[in-house]
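Chemist: Here is my input; please provide its structure:
(one chain, ligands or ions: 1)
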Amino acid sequence: MAIPAPAADRTAVVTGASSGIGREIARGLAGRGHGLTLVARREERLRELARELTDAHGVRVEVVPADLADAAARTGVVEAVRAAGLVPHVLVNAAGVSTVGPVHASDPDAEVAMLRTDVEAVAHLCSLVLPGMVERRAGAVLNVASTAAFQPLPGQAGYAAAKAFVLSYSQALRGELRGTGVTVTALCPGPVRTEFAERAGFDPAEAEAALPWPLWVPVERVAEAGIEALEQGRATVVPGVANRLVAVGGRLAPRSLLVPAVARRHPGLRR
Ligand SMILES: NC(=O)c1ccc[n+]([C@@H]2O[C@H](COP(=O)([O-])OP(=O)(O)OC[C@H]3O[C@@H](n4cnc5c(N)ncnc54)[C@H](OP(=O)(O)O)[C@@H]3O)[C@@H](O)[C@H]2O)c1
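Modeler: Below is the predicted model:
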């Protein structure tokens, strides 16, 4: 088992726990007996989940509200864990957002906020938490990337590039961490029905129509696939057969054919 066993002084830090994939991963870890530190901006949602998990599984759960686009808030999360007398034995970086539409018509502040959340926060939290994990020779990190990591995505250019960063970074960390007792896994979901698409600015019907039904995997299955891959110490997991084919296609297809084809289909470029 690559995930260190739960213990009274250990906590699994889960970002993006107020919704979607992060919330389901938190539920899956609590069901396996792990104490949790839940992180996101919407504090009331985190408190509701904390109550649910404590009642259902009898685990210890703390809530640390934080805007992960802010570097000081990220440091604050790690300090809050330490102040509670806990060590992070699991880190799940699930918080993420996307902008939609061409960059030349974008809100520059939204583009930067996305990169701070999707890229900077992942790298910052890993670099804050990994030294202790390596020293203790115990730890498991799950970084949520996307099938968007496997190819450029006109219409979500910054998002796909951010997820390519998360995938590449996670794979490189594994190389560095060989023999340390610490593992890093990248979870690469295809489309999942969460709050993500609507918050990004997609019309839900438009998103459904743009992506064939075999690509959509239920959030519970995506979370479970991520936790199982973490338990097995796997490098990467892409939930769903159709998404695994998309990932292979995205890696192998010549960019000169793929990029214009994606640009023609992307709903964010057809408005
Ligand atoms: N849904 C999909 O189709 C899909 C596909 C592939 C990959 N993913 C990835 O999966 C991850 C989870 O997405 P989801 O589908 O579960 O979306 P979601 O339901 O919208 O959840 C996103 C989570 O990220 C948190 N978050 C966003 N910005 C934040 C910030 N600045 N600071 C702190 N927390 C922040 C949100 O919490 P607050 O708003 O409360 O802060 C929320 O808990 C993301 O990394 C996403 O890129 C999603």
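
Chemist: what helices or strands is the helix or strand hosting K163 leaning on?
Modeler: Following DSSP states H and E, one finds K163 within helix 157-177. Judged by 3 or more C-beta pairs under 8 Å, 6 or more residues apart in numbering; DSSP states H and E, helix 157-177 is in contact with helix 108-115, helix 121-136, strand 139-144, strand 182-187, strand 236-237. Quick note: C-beta positions are derived from backbone N, CA and C, even for glycine.

Chemist: between those, which gets nearest to the ligand?
Modeler: strand 139-144 (4.3 Å; C-beta to the nearest ligand atom).

Chemist: and the angle for that closest one with helix 157-177?
Modeler: Computed with axes from the mean of the first three to the mean of the last three C-alpha atoms, to 10 degrees, the direction of strand 139-144 lies at 160 degrees from that of helix 157-177.

Chemist: Leaving out the residues flanking it, which one is nearest to L269?
Modeler: The spatially closest residue to L269, leaving aside those adjacent along the chain, is G155, at 4.5 Å (C-beta to C-beta, 6 or more residues apart in numbering).

Chemist: Pull the contacting residues for that neighbour.
Modeler: By C-beta atoms under 8 Å, 6 or more residues apart in numbering, the residues touching G155 are V100, G101, P102, V262, A263, H266, P267, G268, L269.

Chemist: The last one against V100, yeah?
Modeler: No - using C-beta atoms under 8 Å, L269 and V100 do not qualify as a contacting pair, with a distance of 9.1 Å.

Chemist: Phi and psi next, for the closest residue to R136 other than its chain neighbours.
Modeler: Using C-beta to C-beta, 6+ apart and skipping the chain neighbours, the partner closest in space to R136 is V87 (6.8 Å). Dihedral pair for V87: phi -120, psi 140, per degrees, to the nearest 10.

Chemist: and what of R10?
Modeler: According to degrees, to the nearest 10, R10 has phi -110, psi 150.

Chemist: What is the burial count for it?
Modeler: Look at R10: counted by other C-beta atoms under 10 Å, it has 19 neighbours.

Chemist: Identify the residues contacting it.
Modeler: Applying C-beta under 8 Å, 6+ apart, the residues contacting R10 are P4, H34, G35, L86, V87, P88, H89.

Chemist: can you rerun that using 6 Å?
Modeler: For R10, the contact set (C-beta atoms under 6 Å, 6 or more residues apart in numbering) comprises V87, H89.

Chemist: and it, bridged to which residues?
Modeler: The partner list for R10 in beta bridges (DSSP bridges) reads V87.

Chemist: tell me the pLDDT at it?
Modeler: At R10, the model reports a pLDDT of 98.

Chemist: With the one 4 residues further on instead?
Modeler: With respect to pLDDT, V14 scores 99.

Chemist: that older thread, what about the residue nearest to R136, neighbour count?
Modeler: With other C-beta under 10 Å as criterion, V87 counts 18.

Chemist: In terms of pLDDT, where does it sit?
Modeler: 98.

Chemist: The ligand versus that one, what's the distance?
Modeler: 22 Å (C-beta to the nearest ligand atom, to the nearest Å).

Chemist: circling back: can you confirm the residue nearest to L269 is in a strand?
Modeler: No - counting by DSSP: H, G, I helix; E, B strand; the rest coil, G155 is not part of a strand but coil.

Chemist: Next, it: phi, psi?
Modeler: phi 110, psi -30.

Chemist: Pull the number of nearby residues for A205.
Modeler: Neighbours of A205 (other C-beta under 10 Å): 9.

Chemist: Now the phi/psi pair for it, please.
Modeler: Dihedral angles for A205 - degrees, to the nearest 10 - are phi -70, psi -40.

Chemist: swap in S98?
Modeler: Torsion angles, degrees, to the nearest 10, at S98: phi -130, psi 150.
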